[in-house]
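J.: have a look at this prediction, sequence included:
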Amino acid sequence: MKRMKKWMILAAAVVLAAPVFAQTQEAFPSYIQVNGRSQMEVTPDEFYLSIVINERESKGKITVEIQQRQMIDALKKLGVDVEKQLKVANMSSDFYKKASSLTTAKYHSAAEVGDVTAALGDLGISNVGIVRVTRSDIDSLKEQVRLDAIRNAKSSAEALAGAIGQKIGKCFYIYDSNYD
């Protein structure tokens, strides 16, 4: 009789403890951790060129000032707004002795860059290089890629949970490790 009483008490304890175990599992839900990825190809719409005018290229026949005026005239003919898009920084030091001029310019299409490069080549200005390319709406594009990455992470989580017959629940933690 004593043994039976012990088994009854033990069975009652197990039955009473079952809801506690279920609550503990809910208090510490299972989770899945995934990484989301996204990328986007874009065509730049801003091109920054450096243009170096050097008297040595014309073998001293044409001064830097004349070459600058010719360059500005040629750019105006191409429709370039030289007031907004062109910055001239004369280099006057003992080393350069005003025999050089550095100009930076901003253009809005690859075609415009090609036209400008060809026009400068016709003037004998060959030291032209691309300094930087970018997009005018780069911040909104970065934000769009970030949102696509989070959607990708959700899709991955759904696929992994589905593989074991479960569904994802509410997201309780998002870590954005790479803004760029």
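T.: Now that the structure is in, tell me what you want to look at.

J.: which secondary structure state does Ile51 sit in?
T.: With DSSP: H, G, I helix; E, B strand; the rest coil as the basis, the three-state label of Ile51 is strand.

J.: what sits against the closest residue to it other than its chain neighbours?
T.: Once its chain neighbours are removed from consideration, Ile51 has its nearest residue in Thr103; the separation is 4.3 Å (Cβ to Cβ, 6 or more residues apart in numbering). Any C-beta I mention is one placed from the backbone N, CA and C, and that applies to glycine too. With contact taken as Cβ atoms under 8 Å, 6 or more residues apart in numbering, Thr103 is in contact with Ser50, Ile51, Val52, Ile53, Gln68, Met71, Leu86, Lys87, Val88, Ala89.

J.: let's go with 7 Å and repeat that
T.: Thr103 sits next to Ile51, Ile53, Leu86, Lys87, Val88 when contact means Cβ atoms under 7 Å, 6 or more residues apart in numbering.

J.: show me where this structure has its strands.
T.: 46-54, 86-91, 100-107, 127-134 (DSSP state E).

J.: which residue ranges form the helices in this structure?
T.: With DSSP state H as the criterion, the chain has helices at 2-27, 64-77, 82-85, 110-122, 138-163.

J.: run through this structure and note the low-pLDDT ranges.
T.: Along the chain, the model assigns pLDDT under 70 to residues 1-29, 55-60, 90-101, 178-180.

J.: make TSV out of the strands of the chain and add distance to Gly114.
T.: Formatted as TSV, the strands of the chain follow (distance: least, Cβ to Cβ, whole Å):
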stretch	distance to Gly114
strand 46-54	10
strand 86-91	17
strand 100-107	10
strand 127-134	11
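
J.: Ala163: which of these is closest?
T.: When the strands of the chain are compared for distance to Ala163 using Cβ to Cβ, the nearest one is strand 127-134, at 41.5 Å.
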